[in-house]
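# 3D, please:
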Amino acid sequence: MELFDFKDGHGRVPAHRHVNGGGWVADTAKVEDTAFVGEDARVYGTAWVCGQSVISDQARVCGQSWVYGEAEIKDQAKADGESRVFDRAKVFGVAKIQDRARVHGEAQVCDEAIISGDALVCDEAIIYGRTFIAEGASVHGHAIISGEAKVFGRAKVFGHSQVFGNVMVFDDAMVFDDAMVFDDAEVGGKSQIRDGSMVYGNAKVRGSLVVRGNISTSSKIIPRALLSIKEKWVGRDSRLREFCKR
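Below is the predicted model:
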């Protein structure tokens with residue numbers, strides 16, 4: 001019986017080299033022969049890696065997480081807790097998928113992004129930078145989240161929307177269509193930012209405000225910087241997607 005220390009505080013435990021790739025797999029974990037685990041990658045705890053999924057470089061899959069379908073986890077990325085990464089999703093850089101988070105479809109999560117709680121990232125969404133998606137938040141469609149943005153509560157970001165900078169989107173807020181929220185802006189409550197609207201600078205949107213290009217008067221909004229500069233961002237979507245592809 002072979003023993004290996006996965007550096008998780010449990011010391012040396014029974015383990016084996018995976019037949020497809022040669023990476024170490026704890027005997028308590030399950031990895032199908034069709035899945036690839038690279039020589040420097042590790043799978044431990046009671047994790048499952050199934051299907052045509054690829055765990056490569058120094059990636060880690062542990063806890064009770066599942067990686068399946070054609071999902072890929074590489075670089076120093078990690079799936080932990082009860083997380084699920086599946087379909088053709090990609091997680092790379094030093095990104096972390098933890099707790100009960102779900103990443104699937106063709107979503108990409110990279111750099112130092114953290115997806116936690118019951119958060120959902122799916123479809124063709126791209127998450128990168130030092131972003132934090134948590135609690136019951138969801139990001140889907142073709143949405144892009146970057147910078148140090150935080151999306152949490154039950155917030156939803158979808159469509160072709162973009163959230164970047166030091167932004168917070170929280171509570172039951174929604175950002176969708178081609179809307180953009182950036183700089184130090186905050187969107188909370190049950191607000192909806194939609195139809196190509198932009199919220200940025202130090203703007204703070206609260207309550208049940210619906211923004212469709214123009215900000216309506218509301219006691220829950222402080223519109224300190226709302227300008228019409230949409231032309232500046234034409235083509236940004238395609239450039240951001242290229243940035244995150246490897």
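# can we go C-alpha only for contacts and neighbour counts from here?
OK.
# got any ranges where the chain has weak pLDDT?
Judged against pLDDT under 70, the low-scoring parts of the chain cover residues 213-246.
# quickly list the domain ranges of it.
Domain ranges of the chain: 1-92, 111-229, per automatic domain parsing.
# and those domains as JSON lines, adding distance to residue 102 and mean neighbour count?
Rendered in JSON lines, the data for the domains of the chain read as follows (distance: least, C-alpha to C-alpha, whole Å; neighbours: other C-alpha atoms under 10 Å):
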{"stretch": "domain 1-92", "distance to residue 102": "5", "mean neighbour count": "21"}
{"stretch": "domain 111-229", "distance to residue 102": "5", "mean neighbour count": "22"}
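# next structured bit after the longest strand along the chain?
For the chain, the strand reaching the highest residue count under DSSP state E is reported as strand 12-17. As assigned by DSSP states H and E, the chain's next helix or strand after strand 12-17 is strand 24-26.
# which residues touch that following strand?
With contacts defined as C-alpha atoms under 8 Å, 6 or more residues apart in numbering, strand 24-26 is touched by 4, 13-18, 31, 37, 39-45.
# about what we covered before: redo the domains of the chain as CSV? Include distance to residue 99.
Rendered in CSV, the data for the domains of the chain read as follows (distance: least, C-alpha to C-alpha, whole Å):
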stretch, distance to residue 99
domain 1-92, 4
domain 111-229, 5
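# which residues in this protein form helices?
Taking DSSP state H, the helices of the chain run over residues 236-244.
# which among the contacts of strand 24-26 gets closest to residue 59?
Lowest distance from residue 59 to those (C-alpha to C-alpha) belongs to residue 41, with 5.0 Å.
# the closest one contacts residue 59, doesn't it?
Yes: look at residue 41 against residue 59 with C-alpha atoms under 8 Å: they come within range, at 5.0 Å.
# what's the overlap in contacts for these two?
Counting by C-alpha under 8 Å, 6+ apart, residue 41 and residue 59 have no contacts in common.
# done for today, thanks.
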